[in-house]
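> build the 3D model from these lines:
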Amino acid sequence: MEKDKIDHEQPQESAYWLEYAIIGITGILILVYWLGGIKEFAGVNLALLAAVIGGYPIVKEALIAVVTRGDTKVGLLVSIALIASISIGEYLAAAEVAFIMLVGELLEHITLEKSNKSINKLVDLKPLRARVLKNNTEIDVNADQLHIGDIVLVKSGDKIPVDGTVVKGHASVNQATITGESIPVAKVEGDSVLGGSINISGYMEIKATRVGEETALGHIITLVKQAQNSKAPIQRLVDKYATWFIPASLIIATMVFIITRDITRAVTILIVFCPCAMLLSTPTAVMAAIGNAARKGILIKGGEVLERTGKINAIVFDKTGTITRGTPEVKEIVPLAISSREILQYAAIAEKFSEHHLAEAIIKYGKKTELHIPSPDAWQVHAGLGVTAIYQGKKIILGSIEWISGFGIQISEADLRKYNEMAEHGCTTVALVIDNILCGFIGIADLIRENAAASIRDINNLKINKIMMLTGDNTLPAKYVANQVGINEYVAQQLPEGKANTIRQIQDKGFTVAMIGDGVNDAPSLATADVGIAMGISGTDVAVETANIALLSDDLSKIPGIISLSRNTLAVINQNIWFANGINLISIILASSGILGPILAAIVHNLSAIVVILNSSRLIKSKI
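Take a look at the predicted model:
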C-alpha cells in the first residue's frame with residue numbers, strides 16, 4: 001500500500017449559492033432603480049420586482065415554519081412588514097428591507113457555522129478507512145465495515161479506527177482529541193486504545209472491542225448531536241416569552257398607525273419586534289460550550305445539564321477510582337495464626353471470582369508471588385462488606401473487622417491496635433478468618449491522584465459551599481485520604497444505596513449537588529445527584545447512560561473547569577438576553593417616534609443577532 005495515511009478530508013461545496021444569487025439580483029435591481037434612474041423594465045417596476053424576488057424566500061420560509069412547526073416567532077413579522085410595504089406602494093423600502101434581511105440571515109448562517117466548527121470537527125476525527133488483518137493478509141476496508149474481534153493494523157500517522165486492545169507492537173499515541181490529554185501516551189501489548197486517537201510513531205495490531213457508534217468517539221458525536229437539540233430551562237422560558245411577540249407587535253404597530261397615521265412607523269415596528277437575537281441567545285451559547293467541552297474529552301448532555309452545573313454549590317466525591325487512582329495494591333500482610341503466604345493464599349481463594357477492586361489487588365499480588373490459587377468449593381459476595389467461602393471443608397471469612405466481629409470472632413486489643421494502625425496510614429485493611437479464628441490482616445492501599453489536592457483547592461476557590469467524600473471504605477483510611485486532599489467532610493462505610501441517601505439528605509438542605517464517581521459502582525449516586533459526573537469511563541455504556549457529564553480521562557483538574565464553563569455559559573446567556581431585549585426596546589421606542597426607519601431597523605435587527613452569536617462564540621475558547 002503506497003499511502004501511509006489513509007484518511008482524507010472531503011471538500012465541502014458552498015451551500016449558499018442560491019442565497020448569493022437572490023441577494024445579488026435583488027441588490028442589482030435596487031441599484032439600477034435607485035442610482036441608474038431606470039424605474040421600469042417591460043412595464044414592471046424594478047423596485048417591486050426586487051421586493052418580490054428578495055421577499056419571496058423570506059415569506060416562503062415564514063409560511064413553512066407556521067404550517068409545519070407552528071412557529072410564528074421569527075419570519076412572520078418581517079413577512080407582514082414586507083407585504084404591508086408593498087400594499088401601500090413602498091416598493092423600494094420593501095426591497096431594501098428584504099435585501100438587508102437576506103444579507104443579515106446569510107451572515108448569521110456563516111457566523112453560526114464558524115461557531116459550530118469545533119463541534120463539526122468531531123465528525124472529521126472519524127477515520128474513513130482502516131487496515132485489517134485477514135488470513136495473514138493486510139486488507140484496506142471502509143471503517144464502517146469493521147466488526148468486534150477484527151485485528152486492525154495501525155501504522156505511524158494513522159488515526160485509530162476502533163476502541164480496542166493492543167495485541168502486538170507498541171506506539172506513542174496522541175489522545176488529545178478524545179481525552180484532552182496533551183502528552184502522548186505510550187501503548188504496549190495489553191493496553192487499551194481509543195478510536196480517533198492518532199498513532200504518532202510506532203506500529204500496533206489492535207483487537208477491536210468497540211466499533212462505529214459504540215466507540216468513545218462515537219459516543220461523543222452522538223451525545224453532542226443530542227445536546228445540540230436539547231433545550232435548557234432558560235431556553236424554554238425564552239421560547240414561551242417569544243410567542244407573545246406576534247400579538248404584542250401587531251397591537252403596538254396598529255396603535256402607532258392609529259395615532260400617527262404613518263404606515264412606515266408601523267412597518268418598522270414589525271421589523272424590530274422580530275425576536276431573532278433573543279431566540280439565538282441560548283442555543284448558540286450552549287452549542288459553543290458543549291463543542292468546547294467535547295474537544296477536551298468532556299461529554300455534556302445538553303443545555304439543561306450545563307444550567308444545573310452552573311448552579312451547583314455542593315460537590316460529593318467517591319474515594320476509590322476518583323480521588324485515588326483506583327488501582328489498589330497489597331502493601332502489608334500481618335500474620336496472626338498462620339504464615340503470610342497462607343494468609344494470601346486463603347484470601348485469594350475466597351476472592352478468586354469476585355470483581356471488587358480489593359479482590360483484584362489480592363489476586364494480582366498472589367499471581368505476582370507465583371502463588372497457586374485454586375477455586376473455592378463455594379463462595380458468596382456480601383456487597384460492601386466482604387466475602388465468605390468454603391475450601392476443603394474450611395470456612396473462610398474475609399472483610400472489615402467490624403463485619404467479621406458480627407460472626408462472634410474474638411479480637412484482642414493488640415490485634416485491634418495493629419488493625420487501626422494500618423488504617424491510619426491509609427491502608428484499607430481486611431481481616432482473614434478461618435473456622436472462626438482470626439488469622440491475619442491484609443493492608444491494601446490505593447495511591448491518591450497527584451492533582452487531587454490541587455483540584456480540591458481550585459474547587460474551593462469557586463466558592464462551592466460544601467465538599468464531601470463518600471466511601472465504602474473504613475473510617476480511618478477514609479480520614480487519611482480526606483486529610484491528604486483537603487476535604488473536611490467525609491462519610492465512610494457507605495453502601496451504594498447509602499451514598500444515594502446521603503446525597504438526598506444534602507439536597508433536602510437546599511443544596512444543588514454534583515456527584516463525581518466512576519460511573520459503574522456509583523450509578524445510584526450519579527442518578528440521584530443534580531449533576532452526575534463519571535470519570536475515566538472511555539465511553540462505557542453504563543457510565544454514559546447514568547451520568548449527566550462523562551470525562552474520557554481520569555483528570556480531576558477538569559472538574560473546576562467544567563463548573564467555570566457552565567457558569568460562564570449562564571453569564572453569556574444572560575448577557576445575550578439582556579442585550580437582545582434592550583436593543584428591541586430601544587428600537588421600538590425609536591421606531592414609534594419616527595426616528596428609526598424600516599431600512600435602518602433591518603440593519604439593527606440583523607446586527608443584534610450577529611452580536612449575540614459572536615458573544616456566544618467566546619465560549620469556544622473558554623479555558624477548561
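> mind listing the helices for the stretch 1-150 of the chain?
17-34, 46-64, 75-87, 91-115, 117-124 (DSSP state H, counting those that start in this stretch).
> can you add distance to Val211, mean neighbour count and mean pLDDT and give those helices back as JSON lines?
Glycine gets a C-beta too; all of them are placed from N, C-alpha and C. Formatted as JSON lines, these follow (distance: least, C-beta to C-beta, whole Å; neighbours: other C-beta atoms under 10 Å; pLDDT from 0 to 100):
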{"stretch": "helix 17-34", "distance to Val211": "37", "mean neighbour count": "16", "mean pLDDT": "86"}
{"stretch": "helix 46-64", "distance to Val211": "39", "mean neighbour count": "20", "mean pLDDT": "89"}
{"stretch": "helix 75-87", "distance to Val211": "43", "mean neighbour count": "22", "mean pLDDT": "80"}
{"stretch": "helix 91-115", "distance to Val211": "30", "mean neighbour count": "21", "mean pLDDT": "74"}
{"stretch": "helix 117-124", "distance to Val211": "16", "mean neighbour count": "16", "mean pLDDT": "60"}
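> so can I have CSV of these showing distance to Ile315?
Putting the helices of the stretch 1-150 of the chain into CSV (distance: least, C-beta to C-beta, whole Å) gives the following:
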stretch, distance to Ile315
helix 17-34, 48
helix 46-64, 46
helix 75-87, 44
helix 91-115, 30
helix 117-124, 27
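> which of these sits closest to Val167?
Nearest of the helices of the stretch 1-150 of the chain to Val167, taken as C-beta to C-beta: helix 117-124 at 27.8 Å.
> quick one, helices of the stretch 201-350 of the chain?
216-229, 233-242, 245-260, 263-273, 276-295, 303-309, 340-351.
> got a markdown table for those, with distance to Gln380 too?
As requested, the helices of the stretch 201-350 of the chain are exported to a markdown table (distance: least, C-beta to C-beta, whole Å):
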| stretch | distance to Gln380 |
| --- | --- |
| helix 216-229 | 35 |
| helix 233-242 | 47 |
| helix 245-260 | 65 |
| helix 263-273 | 71 |
| helix 276-295 | 43 |
| helix 303-309 | 39 |
| helix 340-351 | 10 |
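> which one of those has the lowest average pLDDT?
Ranked by mean pLDDT, the helices of the stretch 201-350 of the chain end with helix 233-242 at the bottom, a mean of 59.
> roughly how far out does stretch 451-470 sit from the chain middle?
How far stretch 451-470 lies from its chain's middle: 21 Å, per C-alpha atoms, centre = their mean, to the nearest Å.
> also stretch 350-365?
33 Å.
> also stretch 523-533?
15 Å.
> where does pLDDT dip in this structure?
Residue ranges of the chain with pLDDT under 70: 1-16, 71-74, 104, 107-108, 110-125, 176-177, 179-183, 223-243, 519-521, 537-545.
> quickly list the domain ranges of it.
When the chain is parsed with automatic domain parsing, its domains come out as 147-210, 329-445.
> possible to save those domains as a markdown table with mean neighbour count and distance to Leu470?
Conversion of those to a markdown table gives the following (neighbours: other C-beta atoms under 10 Å; distance: least, C-beta to C-beta, whole Å):
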| stretch | mean neighbour count | distance to Leu470 |
| --- | --- | --- |
| domain 147-210 | 19 | 26 |
| domain 329-445 | 18 | 12 |
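> and of those, who's closest to Lys311?
The nearest among those, by C-beta to C-beta, is domain 147-210 at 24.2 Å.
> quick one: end-to-end length of the closest one, please.
8 Å (C-alpha to C-alpha, to the nearest Å).
> what packs against the longest helix belonging to the chain?
When the chain is parsed with DSSP state H, its longest helix is helix 558-592. Contacts defined by 3 or more C-beta pairs under 8 Å, 6 or more residues apart in numbering; DSSP states H and E place helix 558-592 against helix 233-242, helix 245-260, helix 263-273, helix 276-295, strand 298-300, helix 303-309, helix 452-461, helix 598-617.
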